[in-house]
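In: Turn this into a structure:
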Amino acid sequence: EAVEDLRGRYTYVINSMAEMDTISLEQRDHALEKLPHFPKIAVQSQYGGQRGHMLALVKREILDRGIASEEEIDGGGLRITTTFDKDVMRQVEEGVKEYRPAMVPYVNDAGKEVRPKDKDLHVAAATVDVKTGRLLGFYGGHDYLQSQINWASAGGMAGSTMKAATNVAAIREGFSLRDYFWGNSPIEVGGHEFNNQGFTDYGSVSMIGATENSVNTAYIDMVDSMDSGPQKVIKAAEDMGIPGNEPEDWGIPNKSIDFQENVGVTLGTAQVSPINMANAYATLANGGRRNPVHVVTKVVDRSGETLYEANHRGRQTIDEDIAADVSYSLQQVVTSGSGSQARTVIDGSLEVGREVPQVRQLDGEGLGARLESRGVRFEGVDRAADGERVLLGILLGVRECFGVATVGRGIDAARRRAREHARTHGAV
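Out: Residues are numbered from 1 along each chain as shown. Reported below is the predicted structural model:
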């Protein structure tokens, strides 16, 4: 239809030119034989690359907060200041692309070899300022013009990163870092069987040991040892900065999907966005003080009137000593546990972690991962020149995802608080 409309207009113009003697009849007949060749013009759009994902996040936040209407946003005239840092956006994208793991074949439960396609792996990352909750940078996946799904806000199963919330819940209930839980595989609770990675047996293992090696069965036992354990894990996750199933007035997005009140919640069966998970670990890095993650700092209309200015005040949602204890337990993952290969020093202080095989330093500025298996999830804090930032990346693969995390509270302070807490609770 568009071609026919173009042909009609083209014919009209050529005939008009002949009537005006601008061209000869012979030239007219030749021109009307077919439409001219139109060179392909490269697509140029304000929505190209990650820009579309950025604009979508900003628009959503302005609408959700009632700062301006959709008509006012699209009509122009608003001057909007965002939290995004151009250099951080570039660094996150470069890091993800450089360390994106190769998709390798695996054998499924039916014994058949599966060769996943590259499109089956969705990659996202997010960097949050610890002290303010500002989303400094993210990588949402495909070019916005190719796919409007922002995986940094859509996310996927949280996996072992949810174990930090279990530590928070358990310590709140009076358990210490040196209390022991059952680490053999399998463990059966409520008629359901749970296994460790590789079906490894760890025997009786402390909370620190369970964190070091991400012992699934010990965490199942930990949740089962608490009255209303699953609910308390979910509450701890919310206090860290992960919204539950019901919408909140904070979070990007403002709710998660499929938080289930059973012991398996500790293994990260809920769907959580990398942005919210990064902010959750930022809460630990901030001594238990949760800031709402956000992307808009100021909005001014065409007349110069300030319609909105961010003035987010953090809330102490987790006791500072508990945040320090959990940070200390997570540090052991990279100092002596399953994430020891991830150990690196960023400006002299790498702090806590979740496991991932074959992790290497990313240009001295953050954590990157090269995983020769099916997927990886990692998050962390680096101490950059401009202050602490939490980085979370997620590669949502076709099967299980693992991760690494680092958060900063100060190793010495965390150790001191951990010892004090352990002595208070009579731990061995």
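
In: and the longest helix seen in the chain, what does it pack onto?
Out: If you go by DSSP state H, the chain has its longest helix at helix 2-19. If contacts are counted by 3 or more Cβ pairs under 8 Å, 6 or more residues apart in numbering; DSSP states H and E, helix 2-19 sits against helix 25-31. Where C-beta positions appear, they are placed from N, C-alpha and C, glycine not excepted.

In: tell me the contacts of Asp249?
Out: Residues counted as contacts of Asp249 (Cβ atoms under 8 Å, 6 or more residues apart in numbering): none.

In: burial of the nearest residue to Arg115 once chain neighbours are set aside, as a residue count?
Out: Nearest residue to Arg115, sequence neighbours excluded (Cβ to Cβ, 6 or more residues apart in numbering): Pro105, at 4.8 Å. Residues near Pro105, counting by other Cβ atoms under 10 Å, number 9.

In: Surely Pro105 touches Lys117?
Out: No - distance between Pro105 and Lys117: 11.3 Å, which falls outside the contact criterion (Cβ atoms under 8 Å).

In: which residues touch the one helix or strand Leu136 maps to?
Out: Here Leu136 sits within strand 135-139, counting by DSSP states H and E. Residues from elsewhere that reach strand 135-139 (Cβ under 8 Å, 6+ apart): 50, 53, 57, 83-85, 88-93, 96, 123-129, 152, 252, 274-275, 293-295, 389, 393.

In: which strands and helices sit next to the following helix or strand past that strand?
Out: Sequence order places helix 151-154 as the next helix or strand after strand 135-139, per DSSP H and E. Here helix 151-154 touches strand 122-129, helix 274-285, going by 3+ Cβ pairs under 8 Å, 6+ apart.

In: tell me the angle of the last one relative to strand 122-129?
Out: Put plainly, it is helix 274-285. 40 degrees (axes from the mean of the first three to the mean of the last three Cα atoms, to 10 degrees).

In: strand partners of the next helix or strand after helix 274-285, parallel vs antiparallel please.
Out: Following helix 274-285 in sequence order, the next helix or strand is strand 289-290 (DSSP H and E). Using DSSP bridges, strand 289-290 pairs in its sheet with strand 315-316 (antiparallel).

In: List the buried residues of the helix or strand following the strand it pairs with.
Out: Moving toward the C-terminus from strand 315-316, the next helix or strand (DSSP H and E) is helix 320-335. Neighbour-count burial for helix 320-335 flags 321-335 (criterion: 16 or more other Cβ atoms under 10 Å).

In: just curious, which of those residues is nearest to Gly304?
Out: Set against Gly304, the nearest of the buried residues of helix 320-335 by Cβ to Cβ is Ala323 (41.9 Å).

In: Where does pLDDT dip in the stretch 301-428 of the chain?
Out: Within the stretch 301-428 of the chain, the ranges that satisfy pLDDT under 70 run 334-428.

In: Recalculate using a threshold of 90.
Out: For the stretch 301-428 of the chain, applying pLDDT under 90 flags the ranges 311-313, 327-428.

In: before we move on, the earlier item: state the pair within the buried residues of helix 320-335 that is farthest apart.
Out: Taking Cβ to Cβ, no two of the buried residues of helix 320-335 sit farther apart than Asp321 and Val334, at 21.8 Å.

In: hang on, the earlier thing: and the gap between the residue nearest to Arg115 and Leu330?
Out: Distance of Pro105 to Leu330, given as Cβ to Cβ, to the nearest Å: 33 Å.

In: Kindly report the same for Val92.
Out: Val92 sits 22 Å away from Leu330, going by Cβ to Cβ.

In: what residues does the helix or strand Ala164 falls within touch?
Out: For Ala164, the host element (DSSP H and E) is helix 163-172. Residues outside helix 163-172 that contact it (Cβ under 8 Å, 6+ apart): 177, 179, 207, 211, 214, 219, 222-223, 225-226, 229, 232-237, 239-240, 242, 266-268, 280-281, 284, 318-319, 322-323, 325-326, 329-330, 354, 405, 421.

In: residues making contact with whichever helix or strand comes after that helix?
Out: Proceeding N to C from helix 163-172, the next assigned helix or strand is strand 180-182, under DSSP H and E. For strand 180-182, contacts defined as Cβ under 8 Å, 6+ apart pick out 204-207, 210, 215, 217-219, 221-222, 225.
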